[in-house]
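Engineer: The following comprises the amino acid sequence and a computationally predicted model.
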Amino acid sequence: MVAADRDRWNTKWAEAGRGTTHGSTLIDLVTTYLPSTGTVLDIAGGGSPNSLMLARRGLAVTVADISDVGLAQARQQAQAEDLLVHALEIDFDHQTLPNQQWDVITVSNYLNRDLLGRLPSRLAHHGIIAVVIATTTNLERHDRPGPEHLVALGELPKLVTDATVHQHKVELVDYHESWRANGRHEAHLIGRKISE
């Protein structure tokens, strides 16, 4: 499965090139909550423009993805703009994140329920987590992404803030589900870590 996932995403980013995702709304969501300095972990963001947009704001960004092609595109574009973006090649299903804490963690258009429950442990105190993911309502207008990549209505806050699942308390700061300007029905979540 690891090789198949890597091949699929490598093919996607090789064909599409960097920054050609389906109009991610993550940056619009998280902008108000970003610190002026600090560290960001961009989950599964290899070929998306999010890591570059965050680095342009002066944040130290680590983009983590299974796709070495997407990560290479991230590094090349960052170098072209004289930005610093660290790349971490990782299979979230079989490997764990480094034992480090980030001021901001972002997840856009990637659903891994188990990982979402573990991310609060990688947030610094008062750190922000921002998640954008399509809901099952999206299937009313679009065949893709398929149901296995979508959250049910109201599900996302439970995945991130349920303190019975993990030891780290995350306060829900903002949450809403609706049809977006990009044509997708998405859940948008902002949470803040408030205790160990």
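Structural biologist: Thanks, I have the structure now. Numbering: from 1, shown residues only.

Engineer: what does stretch 186-196 rub up against?
Structural biologist: Applying CB atoms under 8 Å, 6 or more residues apart in numbering, the contact partners of stretch 186-196 are 25, 29-30, 33, 120, 123-135, 138, 151, 153, 155-157, 160-161, 167-178, 180. For glycine as for every other residue, the C-beta is placed from the backbone atoms N, C-alpha and C.

Engineer: Flag every buried residue along it.
Structural biologist: By neighbour count with 16 or more other CB atoms under 10 Å, stretch 186-196 contains the buried residues 186, 187, 188, 189, 190, 191, 192, 193.

Engineer: Assumed the third one was part of a helix.
Structural biologist: It stands for residue 188. No: counting by DSSP: H, G, I helix; E, B strand; the rest coil, residue 188 is located in no helix; its state is strand.

Engineer: Excluding chain neighbours, give the residue nearest to it in space.
Structural biologist: Leaving aside its sequence neighbours, residue 188 sits nearest to residue 29 (CB to CB, 6 or more residues apart in numbering; 5.0 Å).

Engineer: Likewise for the fourth one?
Structural biologist: Setting aside the residues directly before and after it, residue 189 is nearest to residue 131 in space (CB to CB, 6+ apart), at 4.5 Å.

Engineer: and that neighbour, what are its bridge partners?
Structural biologist: residue 107, residue 189 (DSSP bridges).

Engineer: contacting residues around it?
Structural biologist: By CB under 8 Å, 6+ apart, the neighbours of residue 131 are 106, 107, 108, 116, 156, 160, 187, 188, 189.

Engineer: Same check on residue 36?
Structural biologist: Listed by CB under 8 Å, 6+ apart, the contact partners of residue 36 are residue 58.

Engineer: ok, now the one 4 residues further on?
Structural biologist: The contact partners of residue 40, taken as CB under 8 Å, 6+ apart, are 51, 54, 59, 60, 61, 62, 102, 103, 104, 105, 106.

Engineer: Report how far apart the opening and closing residues of stretch 86-95 are.
Structural biologist: End-to-end distance for stretch 86-95: 18 Å, by CA to CA, to the nearest Å.

Engineer: buried set for it?
Structural biologist: In stretch 86-95, the ones that count as buried by 16+ other CB under 10 Å are 86, 87, 88, 89, 90, 92.

Engineer: How much space separates residue 169 from residue 192?
Structural biologist: The gap separating residue 169 from residue 192 is 10 Å, by CB to CB, to the nearest Å.

Engineer: just residue 107 next, same as before
Structural biologist: 15 Å.

Engineer: Does residue 170 fall in a helix, a strand, or a coil region?
Structural biologist: Assigned with three-state DSSP, residue 170 falls in the strand class.

Engineer: mind starting the numbering at 53 from now?
Structural biologist: Sure, I'll start numbering at 53, so the last one becomes residue 222.

Engineer: Report how many residues lie close to it.
Structural biologist: Neighbourhood size, residue 222 [other CB atoms under 10 Å]: 23.
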